[in-house]
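Trainee: Predicted model and sequence follow; I will ask about them next.
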Amino acid sequence: MIRKTQTLPTWDLSDLYQSDDDPRLDQAMEEARERAARFEKRFKGTIAVADLAAAHLRDALVEYELLLRDQNRPQAYAMLHFSTDTGDPRRGALLQRSREFGSAVAAHLVFFDLEIGHIPVDAYEAIRNAAELASFRHYLDHQRSLAAHHLSEPEERILVETANARGQAFCRLYTETHGATRYALDQDGQTCEMNQQELLSLLYSPDRDVRQAAAAALTSGLRRNAHVWTFIYNTLLHEKEVLDRLRGFSTPEASRHLHNELDAGIVATVVDVCVANYDIVARYYTLKRRLLGLPELTHIDRYAPLAGGQSEIPFAQAQETVVDAFAGFSSRFGQIARRFFDARWIDADVVDGKRGGAFCASVTPDLHPYILLNYTSQPRDVMTLAHELGHGIHDVLASGQHLLDYHPVLPLAETASTFGEMLVFDRLRQTLNSSEERLALLCGKIEDTFATVFRQIAMFRFEQRAHADRRSRGELTTDHFSTLWQKCQQEMFGNALQLGDEHACWWLYIPHIINTPFYVYAYAFGELLVLALYAQYEKEGEGFVDRYLELLAAGGSRTPEDLISGLGFDIRSPSFWQNGCDLIRQRVEEAEALAQA
Ligand SMILES: [Zn+2]
């Protein structure tokens, strides 16, 4: 049972629907379904034609966007309503009904993006710059660049229909076998069974013996299943190689770059700058070794906590801290943040049956987003509140965009959330009196930043090597992957921390490399981008604020390069990314100074 010490806010979903038996819910789903069928009837076969008129394409896009809004609203309500009481069968049934409704609508709409991709080149060039299409140009261009890699319709159909018997099936097997794996933890002469989450959390224990026991249990559990998970990874690498060849992608990373609207040159610059700054990691761990008072550090000490962690923070205080920090940056930020609390767009309560974690869910540009979190009064929860509110403010500011351009692309998706965390981190730091508490807060932030920047880049380099080696040498052994993994991870630490042999097989539990190849670099891109922006804000002060607000207001209407150049930065230049790394280095220097005091 959950112990309650304070009243936490719950959200009010009545801006969407009154309840799960609100008759408007079924009515909305029925109408959207009919409207989607009419859309298909009217526009199918009329888009990918040689004499396409700009006005006709615009009519289709306007109607399409409205349809997506109609589709989102009941689905968003069902998801939100379910997430605060996942054990309620009525809510579960509504969620299922809304998903089936979503699929039914999608079936009528699937032709549309395909036809956009198949508009003959001459026909598209003739209307591309027409005034009627100005607000949809970015969307159209992007859909067409994706479509350049589509296969023929019968071929695509085979891939769709066999999807769950190929790669996706192996991903599912990976998830299910990991979920079912129990790890035997030996401690004080006793053995207890644990799942992976429980075990990983012990790597943060202040007791070194506990961390050692957890690491040993993880390693032996991973080794036991290494054959299956290596087989799965080899198979996925092979499938990707085949599909990349058929779709005409020149490198393993190319399809990810295309979706992220970045090119290989920009990503290579980010990676190179990060690698050139690996010494920051080594420098920090030299300090951490001293603070922990250990003769040497290994992988079991990477996440060891430092003394001086903060006490509990009640929700009201968290709210005040976050709103103050945001208002101190910009009054508009402060106003929007306050509305989330006043209008009850946040559900922070901790109750049985509520889903874990946190998210900010945007609905449509004409409606406000909702935030879910589980507030347990830890300093980390204040950061989570800042993070999700950052997303919320981004969505509110981007509400001038139509739905097709509302969401930023992945590398920009965490901009406002990370920036919000920085504002609150700075505010929290000022409120702490003892240098021990400030040091603990600072080190926590440094380690989080390492996890988002350098660790992700190390993983990206591992993936690059794994895909390249699978393509040049055929099927690879567990040991081969383990050697690559250990090398790519150890590079970061220099001589400051020696990853032990048992760490070499820990690539076996990283879900991203299985489910979404090359996803990881977007984390580093986003975090470093925000660090660079924050460094600029510290330099420029208020002059920076309006340009930043404009960036957020643009949502996903332009490419990352285009949007960031609007702020006066060149993401092709190594010095831009170096600014971000310099800020991390400054923090490590600050920690060194605090430790000295
Ligand atoms: Zn986020």
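Mentor: Here it is on my side, so go on.
Trainee: Not counting residues beside it along the chain, what's closest to residue 212?
Mentor: residue 300 (5.2 Å; CB to CB, 6 or more residues apart in numbering). Backbone N, C-alpha and C define where each C-beta goes, glycine included.
Trainee: and that neighbour, what does it touch?
Mentor: Residues counted as contacts of residue 300 (CB atoms under 8 Å, 6 or more residues apart in numbering) are 203, 208, 211-212, 214-215, 500.
Trainee: now residue 413: how far from residue 322?
Mentor: 20 Å (CB to CB, to the nearest Å).
Trainee: okay, the two: which has more neighbours?
Mentor: Neighbours per residue, other CB atoms under 10 Å: of residue 413 and residue 322, the larger number sits with residue 322, 28 against 17.
Trainee: looking at it, the more buried one is touching residue 384, isn't it?
Mentor: No. Residue 322 is not in contact with residue 384 according to CB atoms under 8 Å; the separation is 10.2 Å.
Trainee: Not counting residues beside it along the chain, what's closest to residue 545?
Mentor: The spatial neighbour of residue 545 that comes closest, neighbours along the chain excluded (CB to CB, 6+ apart), is residue 330 at 4.9 Å.
Trainee: so that neighbour touches residue 544, yeah?
Mentor: No. Between residue 330 and residue 544 no contact is recorded; they are 9.9 Å apart, counting by CB under 8 Å.
Trainee: joint contacts of these two?
Mentor: With CB under 8 Å, 6+ apart, residue 330 and residue 544 have no common neighbours.
Trainee: quick one: the helices in the stretch 101-250 of the chain?
Mentor: In order along the chain, the stretch 101-250 of the chain carries the following helices (DSSP state H, counting those that start in this stretch): 121-127, 137-147, 153-162, 167-180, 196-201, 208-224, 226-247.
Trainee: same question, the stretch 251-400 of the chain
Mentor: If you assign secondary structure with DSSP H, counting those that start in this stretch, the helices in the stretch 251-400 of the chain sit at 254-260, 264-276, 279-292, 315-329, 331-342, 379-397.
Trainee: pLDDT of the last one, averaged?
Mentor: Along helix 379-397, the predicted local confidence has a mean pLDDT of 94.
Trainee: rewinding a little: save the contacts of residue 300 as CSV, and put in pLDDT, distance to residue 369 and neighbour count too.
Mentor: As requested, the contacts of residue 300 are exported to CSV (pLDDT from 0 to 100; distance: CB to CB, whole Å; neighbours: other CB atoms under 10 Å):
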residue, pLDDT, distance to residue 369, neighbour count
203, 92, 33, 18
208, 95, 43, 14
211, 96, 39, 21
212, 96, 43, 19
214, 96, 37, 23
215, 97, 39, 23
500, 94, 44, 14
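Trainee: just curious, which of those residues is nearest to residue 527?
Mentor: For residue 527, the nearest member of the contacts of residue 300 is residue 203. The distance, counting by CB to CB, is 21.6 Å.
Trainee: which ones are touching the closest residue to that closest one other than its chain neighbours?
Mentor: Closest residue to residue 203 apart from its sequence neighbours, by CB to CB, 6+ apart: residue 303 at 5.0 Å. Taking CB under 8 Å, 6+ apart as the definition of contact, the neighbours of residue 303 are 203-204, 447.
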